[in-house]
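Visitor: only geometry, no sequence info:
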């Protein structure tokens with residue numbers, strides 16, 4: 001959802017079998033929990049860099065003209081850790097500047 005937006009900005013068909021009554025973010029913002037009328041609680045995370053997104057909720061196909069290896073390389077180039085300190089084993093990415 002988006003703050004100030006009165007309608008949904010996205011959705012996932014058949015994620016719950018009943019109406020979703022509650023959603024809440026983990027304090028670090030990397031997990032979303034949803035609870036519904038089907039008496040189920042589900043935890044959602046974004047796909048990790050390089051993940052091919054092949055599960056029952058991501059039945060998408062590759063963009064037209066893009067080979068699977070090209071997509072993997074593109075995803076790796078565009079991904080950066082969003083949690084402080086996570087994924088920085090090899091040092092800071094080239095596009096991150098240190099502020100003193």
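Guide: Everything's here; your move. Just so it is clear, the model here is predicted, and its values are computed rather than measured.
Visitor: so where's the chain shaky on pLDDT?
Guide: Residue ranges of the chain with pLDDT under 70: 1-3, 9-11, 47-100.
Visitor: So it: which segments form each domain?
Guide: For the chain, whose domains are defined here by automatic domain parsing, the residue ranges read 1-46, 47-81.
Visitor: On the three-state scheme, residue 15 is what?
Guide: Residue 15 carries the three-state label coil when classified by DSSP: H, G, I helix; E, B strand; the rest coil.
Visitor: Spatially nearest residue to residue 25, not counting backbone neighbours?
Guide: In space, and not counting its chain neighbours, residue 25 is closest to residue 32: 5.7 Å by C-beta to C-beta, 6 or more residues apart in numbering. C-beta here means a position set from N, CA and C on the backbone, and glycine is covered the same way.
Visitor: That neighbour bridge partners, please.
Guide: Beta-bridge partners recorded for residue 32 (DSSP bridges): residue 25, residue 44.
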